[in-house]
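Trainee: model the following, please.
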Amino acid sequence: MATLKAYNCAIAVATALSIGACSSKQHNTEALEEIPQIQVSTPLIDSIVMYKTYPGYAGAINTAKIVGRVNGTLLTKQYSGGDLVKKGQVLYTIESAKYADAVNQAKAALSKAESDYSYASNQYKAMKKALESDAVAQIEVVQAKSNMEGALAAINNAKAALNTAITNLGYCTITAPFTGHIDNGTTDPGNYINGEGSPFLLANLYDDSMISIEFAIEENQYEKIMGDIKTPVGHELYDSIPLSFTEPLAHTYSGKLSYESPSVDKSTGTITLKVRTPNPYGEIRNGMYVNIHLPFGENSRAILVKDASIGTDQLGKYLYVVNDSDKVIYTPIKTGDLYNDSMRVVTDGISPDARYVTSALLRVRDGMPVKPVPEK
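Mentor: Numbering: from 1, shown residues only. Down below sits the predicted model:
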């Protein structure tokens, strides 16, 4: 009986040990399965041109205020706001009867002045001939000459008055001084405008076929640029400066350095520069905010990581780096410009052989063990 009890106890102990061993093995397996596989990559090391981004504003290469210079009712407006109007295209007409009458009156005055001059000129000639035979006094000849010269001055005055009248009549038809986009205007037909005393603003015209973008840079940065721009490579870079916009446009743009201010702004220590870029699609508008990516040097061993792998928090930019123990390390970094649209320059924080997490950033945390899988 005692032997049977001992046998049963041995079986129970063996069973318990077996169950415990299985449970421990299952727990270890589950623990291994809980460690996630995370894709990692090492930085790309490349020789790149470095850029510094400056804010600027776009301006049409040529602008004009379309004004009324005469008094009268605005009769027609022959465009719609935002239209591309051609040079010489009629934009507005103003009632012209008053100015047409002034032209006719000036023509009549000129005709009379010419007639008066013809009479005075003939009289002077006759007086000079009569003086030869002492038929008239010297004083009469002098008076005749004076009358002729007065008539000639009257002709000149009449011509000037006629030119003024013709000019004013021409102001009644307002045309575009160059090809460009025009805004909606300040007033509609039917309104009376008073342009004689002071030109009356009707609209603004913008020649935005070429865009000039103005921005300011630091004096010391300008001095470095002027050294770089004289090299063949630098000359090429500053002929094609990358531009970007708050909202990406359908086409890419680059500009050529076209203007350097001759003086430094003492209050800011900056120098004004301008770049020009063609605007064949009309996408860049006057006053638009522009980022100018100005080249300032070359880095032969730049550290580049995928921009999508970089996180941002209250402390700044960071990467999740996997250390030699395959644990995730929260790593603050400093970054530079974007490169080839998807890679970001890292200026400080990681080494060239660091393994950084490229995806599933929300699944990892600082200190977490992972199974790093090289990204293909």
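Trainee: in this protein, which strand has the most residues?
Mentor: strand 44-68 (DSSP state E).
Trainee: show me what the helix or strand just after that strand is in contact with.
Mentor: The helix or strand immediately downstream of strand 44-68 is strand 71-77, counting by DSSP states H and E. Identification of contacts with strand 71-77 by Cβ atoms under 8 Å, 6 or more residues apart in numbering yields 68, 91-96, 98-99, 172, 185, 187-196, 202. Where C-beta positions appear, they are placed from N, C-alpha and C, glycine not excepted.
Trainee: got the buried residues for strand 71-77?
Mentor: Buried residues in strand 71-77, counted by 16 or more other Cβ atoms under 10 Å: 71, 72, 74, 77.
Trainee: again, but for stretch 285-299
Mentor: Neighbour-count burial for stretch 285-299, counted by 16+ other Cβ under 10 Å, picks out 286, 288, 290, 291, 292, 293, 294, 295, 299.
Trainee: just flag the most distant two among those residues.
Mentor: Using Cβ to Cβ, those span at most 36.1 Å, a distance reached by 286 and 299.
Trainee: quick one, helices of the chain?
Mentor: 2-34, 97-132, 138-170, 219-229, 232-237 (DSSP state H).
Trainee: residue 323: how many residues sit nearby?
Mentor: 12 (other Cβ atoms under 10 Å).
Trainee: with residue 102 instead?
Mentor: 18.
Trainee: partners of the longest strand of the chain in the sheet?
Mentor: Looking at strand 44-68 with DSSP bridges, its partner strands are strand 200-218 (antiparallel), strand 289-306 (antiparallel).
Trainee: rebuild the ones you listed as TSV, extending it with distance to residue 252 and mean pLDDT.
Mentor: Output for those, formatted as TSV (distance: least, Cβ to Cβ, whole Å; pLDDT from 0 to 100):
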stretch	distance to residue 252	mean pLDDT
strand 200-218	14	95
strand 289-306	12	88
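Trainee: single out the most deeply packed of those strands.
Mentor: strand 200-218 (a mean of 19; mean count of other Cβ atoms under 10 Å).
Trainee: from the middle of its chain, how far away would that strand be?
Mentor: 9 Å (Cα atoms, centre = their mean, to the nearest Å).
Trainee: these two touch, right, residue 250 and residue 281?
Mentor: Yes: shown here, residue 250 and residue 281 form a contact pair, counting by Cβ atoms under 8 Å, at 7.1 Å.
Trainee: compare those two (neighbour count), which wins?
Mentor: Taking neighbours as other Cβ under 10 Å, residue 250 and residue 281 compare with residue 281 leading, 10 against 6.
Trainee: quick one: contacts for the more buried one?
Mentor: Per Cβ under 8 Å, 6+ apart, neighbours of residue 281: 250, 251.
Trainee: same question, residue 56
Mentor: For residue 56, the contact set (Cβ under 8 Å, 6+ apart) comprises 213, 214, 215, 275, 289, 290, 291, 292.
Trainee: what do you get if the cut-off is 10 Å, keeping everything else the same?
Mentor: Residue 56 sits next to 212-216, 243, 255, 272-275, 288-292 when contact means Cβ atoms under 10 Å, 6 or more residues apart in numbering.
Trainee: can you check residue 57 too?
Mentor: Going by Cβ under 10 Å, 6+ apart, residue 57 touches 212, 213, 214, 215, 286, 287, 288, 289, 290.
Trainee: can we see that at 8 Å?
Mentor: Each residue near residue 57 by Cβ under 8 Å, 6+ apart is listed here: 213, 214, 215, 287, 288, 289, 290.
Trainee: in the residues you listed, find the pair that's most separated.
Mentor: Using Cβ to Cβ, the contacts of residue 57 span at most 14.0 Å, a distance reached by 215 and 287.
Trainee: pull up the gap between residue 374 and residue 41, please.
Mentor: With the distance defined as Cβ to Cβ, to the nearest Å, residue 374 ends up 7 Å from residue 41.
Trainee: between those two, which one's more packed in?
Mentor: Applying other Cβ under 10 Å to residue 374 and residue 41 shows that residue 41 carries more neighbours, namely 18 against 10.
Trainee: hang on, isn't that one packed against residue 358?
Mentor: Yes: with contacts counted by Cβ under 8 Å, residue 41 reaches residue 358, the gap being 4.9 Å.
Trainee: mutual contacts of the two, please.
Mentor: Common contact partners of residue 41 and residue 358 (Cβ under 8 Å, 6+ apart): 306, 309, 375.
Trainee: any idea how far the first one lies from residue 346?
Mentor: This means residue 306. Going from residue 306 to residue 346 by Cβ to Cβ gives 11 Å.
Trainee: got it, and the second one?
Mentor: When distances are taken as Cβ to Cβ, residue 309 and residue 346 turn out to be 10 Å apart.
Trainee: who has more neighbours out of these two?
Mentor: Neighbours were counted for residue 309 and for residue 346 using other Cβ under 10 Å; residue 346 has more, 24 against 18.
Trainee: from what I see, that one and residue 43 are in contact.
Mentor: Yes: with contact defined as Cβ under 8 Å, residue 346 reaches residue 43; the gap is 6.9 Å.
Trainee: need the contacts of residue 57 in CSV with distance to residue 318, can you?
Mentor: Shown next, in CSV, are those (distance: Cβ to Cβ, whole Å):
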residue, distance to residue 318
213, 34
214, 36
215, 30
287, 37
288, 33
289, 29
290, 30
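Trainee: any idea which of those residues is closest to residue 87?
Mentor: Among these, residue 287 lies closest to residue 87 (Cβ to Cβ), at 22.8 Å.
Trainee: can you give me the distance of that closest one to residue 47?
Mentor: Separation of residue 287 from residue 47 (Cβ to Cβ) stands at 38 Å.
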